[in-house]
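> Only the shape, not the letters, is given here:
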C-alpha cells in the first residue's frame, strides 16, 4: 500500500515538474520574441557553459577565470534587461512548487546520497491522515489540550509514579511536542503509546 501511494505521488511530482518546465518554455518564447537580445545572451551563456565544461575536462584551468568572468557579465546583462523590461530576475527560471527539490520529491546530498524531501514526506503524511479517518484534529490537538482534567494528587500505590497525573501528562505532552518539532531529524526516535484496551 505504501509503495502504491508513493508511486502515485511521484507521478504527480513528474507532472508538476513537467508543467513548470513547459510554462518556462512558453515564457521564454514570448519574451525572446519581444526582446531578441535576451535570446542572444542565453545562447552565449550556453556556449560559455559548454566551453567551461570542456576546459575542466582538459584540465585547462588558466582560461576558466576568464570564462567565469564573461559568464558573470552575461548574467548581469540578462538581469538588467529583465529589470528594464519590468520582470523579476528569476523570470526565466522554472516556478517549481518546492524550491528545495524542484518538484522531484528527493534531494541529492553531498555524499551522493538521495533523501526524501520534506514536501514529499508531508504529502505522504497527508494521504495517510486522510485514510485514517481522524476527523477531530481541529478540536483535539495540542492547543486544546486541557491538563486541568488531570489530578494534582500523588498516589504511588495507584499510579506507580511519585509524580501527580497532571505532572505526568505535562511531561508526556512535552515529549510529544519535541517529537513533532524534530520529526524531520533522522536521529529522532519514534513514539510508542501503550496501555490496556480502551484507553484514550
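Structure's in. What do you need? Because the structure is a prediction, the values reported are computed rather than measured.

> Which helix or strand contains the residue of the chain most remote from its centre?
Ranking residues of the chain by C-alpha distance from their mean position (C-alpha atoms, centre = their mean) puts residue 157 at the top, at 48.9 Å. Residue 157 is part of helix 156-159, with elements assigned from DSSP states H and E.

> what residue ranges in this protein score low on pLDDT?
Counting by pLDDT under 70, the chain contains low-confidence residues at 1, 61-62, 131-136, 197-200.

> Give me the longest helix you can find in it.
Longest among the helix segments of the chain by residue count, using DSSP state H, is helix 2-34.

> Run through who's touching the helix or strand following that one.
Past helix 2-34, further along toward the C-terminus, the next helix or strand under DSSP H and E is helix 36-57. Helix 36-57 has contacts (C-beta atoms under 8 Å, 6 or more residues apart in numbering) with 28, 31-32, 60-61, 63-64, 67-68, 70-71, 74-75, 77-78, 81-82, 92. C-beta: built from backbone N, CA, C; applies to glycine.

> Out of those residues, which end up buried?
31, 32, 67, 70, 71, 74, 77, 78, 82, 92 (16 or more other C-beta atoms under 10 Å).

> what's the farthest-apart pair in the residues you listed?
Pairwise distances among those were taken by C-beta to C-beta; the largest, 25.6 Å, belongs to 31 and 67.

> follow-up on the earlier one: of the buried ones among the contacts of helix 36-57, which is the nearest to residue 169?
Distances from the buried ones among the contacts of helix 36-57 to residue 169 were compared by C-beta to C-beta; the smallest belongs to residue 92, at 54.8 Å.

> From residue 39, how far out is the nearest residue to the closest one once chain neighbours are set aside?
Once its chain neighbours are removed from consideration, residue 92 has its nearest residue in residue 28; the separation is 6.2 Å (C-beta to C-beta, 6 or more residues apart in numbering). In this structure, residue 28 and residue 39 are separated by 8 Å, where distance is defined by C-beta to C-beta, to the nearest Å.

> Buried residues, stretch 168-182. List them.
For stretch 168-182, the neighbour count (16+ other C-beta under 10 Å) marks residue 169 as buried.

> how many neighbours does the closest residue to residue 108 other than its chain neighbours have?
The shortest distance from residue 108 to any residue that is not its chain neighbour, by C-beta to C-beta, 6+ apart, is 5.5 Å, and that residue is residue 114. The number of residues packed near residue 114 is 11, by other C-beta atoms under 10 Å.
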